[in-house]
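> fold the following, please.
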Amino acid sequence: MSAIALRGVKPALKPDAEALTKVPPAPAYLSLHAKAEWKRIFPQLIARRIVTRADLAGVEAYCSAVGICRQIEADRTAAGGVIDKTAFGIWNRAAQTARQLASEYGLTPTSRARIGSAAPEDAEDDDPLSV
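This is a model prediction of the structure:
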């Protein structure tokens, strides 16, 4: 298959031999919203065995982008629902970045399907329906 035919096709995510086994502490510089996202997603990332120490900067960026979106939404709500055009532009870019990074780490339905939830390889031994 030529390289042109592979455009847009992402490789399947697989468990990594160097995957983290416990949730690292959230970086101190993250906002409260970003830290909350870190705590929300990391158990899933650990369970799927796809995040290594080398991936932490990307996960931090994802959590920061989500934190920005949540802060802007909190500010909008506090202002009585008024939409600030500048803040909306920032929110839009942060949401797009968060979505792209979420896909990299199996945090979207499509990307989770690509990794098959990274079930342990011996899981089929216990599955009476496996062929």
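> now for residue 67, which secondary structure element holds it?
helix 56-78 (DSSP states H and E).
> repeat for residue 18
Judged by DSSP H and E, residue 18 forms part of no helix or strand.
> got it, and the one 4 residues further on?
Secondary-structure element containing residue 22, defined by DSSP H and E: none, the residue being outside all helices and strands.
> hmm, who's touching stretch 98-118?
Applying CB atoms under 8 Å, 6 or more residues apart in numbering, the external contacts of stretch 98-118 come out as 10, 12-15, 41, 44-45, 47-51, 55, 58-59, 61-62, 65-66, 69. Quick note: C-beta positions are derived from backbone N, CA and C, even for glycine.
> narrow these to those that are buried.
Among these, the ones that count as buried by 16 or more other CB atoms under 10 Å are 13, 41, 45, 48-51, 55, 59, 61-62, 65-66, 69.
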